[in-house]
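S.K.: Let me see the structure of the following:
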Amino acid sequence: MTDLERINEYVDTHREEMLETYRKVVLQESYHSDPEGVRKLGKMLKELFEEVGFKCTLTDVGTDESGDMLTGILGEDRPGKPIIFGGHMDTVHKHGSFPCQFEIDDEGKVRGPGVLDMKGGIVIALYACKALNEIGYDARPIKICFAPDEEKLHRNGNTADQFVEFCKGGEFMLNMETGLLGGDLCVSRKGKVEVALQVEGVSAHAGNDFEKGRNAIAELCRKVTDIQALTNLEAGTTVCVDVISGGTNFGAFPAHAEATFDVRATSVEEMQKAKRAIEEIANRTYIEGTTTTMEYQMEMLPFECTEGVMALYHKVHDICVEDGFGDFPFKHIGGSSDAAYAVIAGTPALCSCGIQGEWNHTIKEYAVLESLYTRTKQWANVVNRIK
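M.R.: Alright, predicted model coming up:
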């Protein structure tokens, strides 16, 4: 038998076991703002990967708001640069969001919190490594790196720095994020920064004391207009004011107003350019007597499409075509992911390598069960073929 035939046989004879593992991982809810739930999942996954032979570590990310980063290595003494399976353990779903925590319908669609984003991808990585063990793979070390707080963009933690450090010196990373229904492989993602502005003015009666008032809303609106104007579709930079509030009473100058902005860019350079421009606008004063403060609430840097990323894509694409897995096009995606930090570390990455489905981040989220098995075969084969 060829290696591919042995990989396929291993997966086919372990389908029930894979499904049961998938169910257990999903049932351990891990809402991003429930650090204890994320920690419990981290401990479960640590045990599962250690059973495969990984040396695993759970590391604090510097904030009590999040769980722990799970990293591990299999075959530490093997030659060659390591191959990395990456992603995250947390979900966007609060506990009890789904009427049923894990169900499979007659069409083979799986529903439950995080079935698609991205617990199915973690299970695929786990069983790809098991299949590689089965065929005696020993060409390279294999690493795993799963973040506890990706869904809130690593707010207040050092997860991004840990991700970069862990990915240095890798051959490539497969980020096991939400797989697209068509099987497209993601070669870039926009980065995102959430910016908050707060303006303080002077409250006064709008009729009797008009000249004494300093309108915080009016000051903020000038800034909103200028910040929105930073959108540059040609450069791939978008700015969207997404929440705004201010004022307390009719007939009075508002003493306070605030807004948040969703800022996205396709490159680190363009992101830094947008941030500098927003800082300049925040420091301007249009209405004398008002003051503005600004903070970055969350940030995820862009996953850039480098020459290394495209070279990796073509290798993977050709292997998948040759071995009958399909002809998968590449795609650029607007949402962010930790594939960014692998590329920043100098390790090329592909994203959207996980279980396939749609409607992630909603209660309509579902995953296609059969892709749990096909993608396990696909990625085990890719790792085995890239020597």
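S.K.: Which stretches in the stretch 251-387 of the chain count as helices?
M.R.: Secondary structure of the stretch 251-387 of the chain (DSSP state H, counting those that start in this stretch): helices located at 268-283, 307-322, 339-344, 369-385.
S.K.: tell me the average confidence for the first one?
M.R.: Translated: helix 268-283. Averaged over helix 268-283, pLDDT sits at 96.
S.K.: Dump it to CSV, restricted to CA.
M.R.: What follows is the C-alpha trace of helix 268-283 in CSV, where atoms were taken according to Å, rounded to 0.1, in the frame of the first residue of the first chain:
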residue,chain,number,x,y,z
VAL,A,268,1.0,45.8,8.1
GLU,A,269,2.3,49.0,6.4
GLU,A,270,-1.2,50.2,5.4
MET,A,271,-2.5,49.4,8.9
GLN,A,272,0.2,51.5,10.5
LYS,A,273,-0.5,54.3,8.0
ALA,A,274,-4.2,54.3,8.9
LYS,A,275,-3.4,54.3,12.7
ARG,A,276,-1.1,57.2,12.3
ALA,A,277,-3.7,59.2,10.4
ILE,A,278,-6.4,58.4,13.1
GLU,A,279,-4.0,59.5,15.8
GLU,A,280,-3.5,62.8,14.0
ILE,A,281,-7.3,63.4,13.6
ALA,A,282,-7.9,62.5,17.3
ASN,A,283,-5.3,65.1,18.3
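S.K.: which outside residues touch stretch 47-60?
M.R.: Taking contacts as C-beta atoms under 8 Å, 6 or more residues apart in numbering, the residues outside stretch 47-60 that touch it are 21, 39, 42-43, 46, 68-76, 126, 129-130, 133, 142, 144, 162. Using the backbone N, CA and C atoms, a C-beta is placed for each residue, glycine as well.
S.K.: Return the subset of those lying in helices.
M.R.: 21, 39, 42-43, 46, 126, 129-130, 133, 162 (DSSP state H).
S.K.: ranking the helices of the stretch 251-387 of the chain by burial, who's on top?
M.R.: helix 339-344 (a mean of 26; mean count of other C-beta atoms under 10 Å).
S.K.: Out of the helices of the stretch 251-387 of the chain, the one nearest residue 122 is which?
M.R.: Distance to residue 122, taken as C-beta to C-beta, is lowest for helix 369-385 among the helices of the stretch 251-387 of the chain, at 10.9 Å.
S.K.: Which stretches in the stretch 201-350 of the chain count as strands?
M.R.: For the stretch 201-350 of the chain, strands defined by DSSP state E, counting those that start in this stretch occupy the ranges 238-246, 256-265, 291-300, 330-333, 349-350.
S.K.: Just send these back as a markdown table, with mean pLDDT too.
M.R.: What follows is the strands of the stretch 201-350 of the chain, written out as a markdown table (pLDDT from 0 to 100):
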| stretch | mean pLDDT |
| --- | --- |
| strand 238-246 | 96 |
| strand 256-265 | 96 |
| strand 291-300 | 94 |
| strand 330-333 | 95 |
| strand 349-350 | 98 |
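S.K.: Present these as TSV; the columns should include mean neighbour count.
M.R.: Output for those, formatted as TSV (neighbours: other C-beta atoms under 10 Å):
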stretch	mean neighbour count
strand 238-246	16
strand 256-265	21
strand 291-300	16
strand 330-333	17
strand 349-350	29
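S.K.: Which of the ones in helices among the contacts of stretch 47-60 ranks first by neighbour count?
M.R.: Ranked by neighbour count under the definition other C-beta atoms under 10 Å, the ones in helices among the contacts of stretch 47-60 are headed by residue 129 with 26 neighbours.
S.K.: Look up how far residue 293 lies from the closest residue to that residue other than its chain neighbours.
M.R.: Spatially, and ignoring its direct neighbours in sequence, residue 129 is nearest to residue 52 (5.1 Å; C-beta to C-beta, 6 or more residues apart in numbering). For residue 52, the distance to residue 293 under the criterion C-beta to C-beta, to the nearest Å works out to 49 Å.
S.K.: follow-up on the earlier one: in JSON lines, list the ones in helices among the contacts of stretch 47-60 along with distance to residue 119.
M.R.: Converted to JSON lines, the ones in helices among the contacts of stretch 47-60 look like this (distance: C-beta to C-beta, whole Å):
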{"residue": "21", "distance to residue 119": "10"}
{"residue": "39", "distance to residue 119": "15"}
{"residue": "42", "distance to residue 119": "12"}
{"residue": "43", "distance to residue 119": "15"}
{"residue": "46", "distance to residue 119": "15"}
{"residue": "126", "distance to residue 119": "11"}
{"residue": "129", "distance to residue 119": "16"}
{"residue": "130", "distance to residue 119": "17"}
{"residue": "133", "distance to residue 119": "22"}
{"residue": "162", "distance to residue 119": "21"}
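S.K.: Can you tell me which of those is nearest residue 109?
M.R.: Using C-beta to C-beta as the measure, the one of the ones in helices among the contacts of stretch 47-60 that approaches residue 109 most closely is residue 21, at 18.6 Å.
S.K.: That closest one contacts residue 123, doesn't it?
M.R.: Yes. Residue 21 lies in contact with residue 123 (C-beta atoms under 8 Å); the separation is 5.7 Å.
S.K.: Would you format the ones in helices among the contacts of stretch 47-60 as TSV with distance to residue 308 and pLDDT included?
M.R.: Listed next are those as TSV, based on distance: C-beta to C-beta, whole Å; pLDDT from 0 to 100:
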residue	distance to residue 308	pLDDT
21	33	98
39	34	97
42	30	98
43	34	98
46	30	98
126	26	98
129	24	98
130	28	98
133	28	98
162	22	96
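S.K.: Report the secondary structure state of residue 174.
M.R.: Under DSSP: H, G, I helix; E, B strand; the rest coil, residue 174 falls in the strand class.
S.K.: pLDDT score for it?
M.R.: Per-residue confidence at residue 174 stands at 98 (pLDDT).
S.K.: Tell me the bridge partners for it.
M.R.: As for beta bridges, residue 174 partners with residue 85, residue 350 under DSSP bridges.
S.K.: how far away is it from residue 111?
M.R.: The gap separating residue 174 from residue 111 is 25 Å, by C-beta to C-beta.
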